[in-house]
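S.K.: heads up, no residue letters with this:
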């Protein structure tokens, strides 16, 4: 029931590779953290492609931001040194990140994407996915009682994003508890 939609968006999202990466991570016997990171990367591809196609990667057009940030750069370095007693090296590292101020937050993009796709995923569930992803990315660990529980948070989020992306409504298995659930389109 989703084949037509799959064909329509396949190239836009590199969907065959994304689905393969998620599927392979579910079958893979390697450790849970690596499997979850692969799925998080697949979700990042979907998020990035969605954000690009919806002009949601930056807050300001790059040219406008670059002109404005020039005025901020030197002042910011001085302010960081004064406010935090930062060394020149520390202040310079922070100044290097100023371009990131023009990026939409990961959470903002995910929330907009989930809403746009009509995915039945709550803000709390988005937050839990982001928490797991960030802990995996920065500390190589889950934020749950067991790695299996954290892995299922990641798998479930990916399943529900794909179901919504493909416009599927109907029964499927919830990987967290193997119960049959029904995907329904959420009102946009």
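M.R.: Arrived safely. This structure is a prediction, so every number in the text was calculated from the model and none was measured.
S.K.: I'd like the mean pLDDT over stretch 131-144, please.
M.R.: Across stretch 131-144, pLDDT averages out at 95.
S.K.: list the buried ones in that stretch?
M.R.: 132-133, 135-136, 142, 144 (16 or more other CB atoms under 10 Å). (C-beta placed from N, C-alpha, C; glycine too.)
S.K.: now for the least confident helix or strand in the chain by mean pLDDT, which elements pack on it?
M.R.: Averaged element by element with mean pLDDT, DSSP states H and E, the chain has its least confident helix or strand at strand 179-183 (a mean of 83). Counting contacts by 3 or more CB pairs under 8 Å, 6 or more residues apart in numbering; DSSP states H and E, strand 179-183 is packed against helix 147-165, strand 170-174.
S.K.: just the buried positions in it, please.
M.R.: 181, 183.
S.K.: what's in contact with that strand?
M.R.: Strand 179-183 is contacted by residues 120, 160, 163-164, 168-174 when judged by CB atoms under 8 Å, 6 or more residues apart in numbering.
S.K.: quickly note the distance from residue 39 to residue 83.
M.R.: Applying CB to CB, to the nearest Å, one obtains 39 Å for the distance of residue 39 from residue 83.
S.K.: I should have written residue 181 there, sorry.
M.R.: Residue 181 sits 50 Å away from residue 83, taking CB to CB as the criterion.
S.K.: then residue 138?
M.R.: Taken as CB to CB, the span from residue 138 to residue 83 is 25 Å.
S.K.: what's the answer for residue 145, then?
M.R.: Distance check for residue 145 against residue 83: by CB to CB, it reads 39 Å.
S.K.: check residue 75 too.
M.R.: 12 Å.
S.K.: what about the helices in the protein?
M.R.: 3-13, 15-27, 32-53, 62-84, 88-96, 106-117, 123-139, 147-165 (DSSP state H).
S.K.: what's the most buried one of those?
M.R.: Burial of those is given as mean neighbour count (mean count of other CB atoms under 10 Å); helix 147-165 ranks first at a mean of 21.
S.K.: show me what that one packs onto, helices and strands only.
M.R.: Using 3+ CB pairs under 8 Å, 6+ apart, the elements in contact with helix 147-165 are helix 15-27, helix 32-53, helix 106-117, helix 123-139, strand 170-174, strand 179-183.
S.K.: of the ones you listed, give the one that comes closest to residue 100.
M.R.: Closest to residue 100 of these is helix 106-117 (CB to CB; 11.3 Å).
S.K.: I appreciate the help and will end here.
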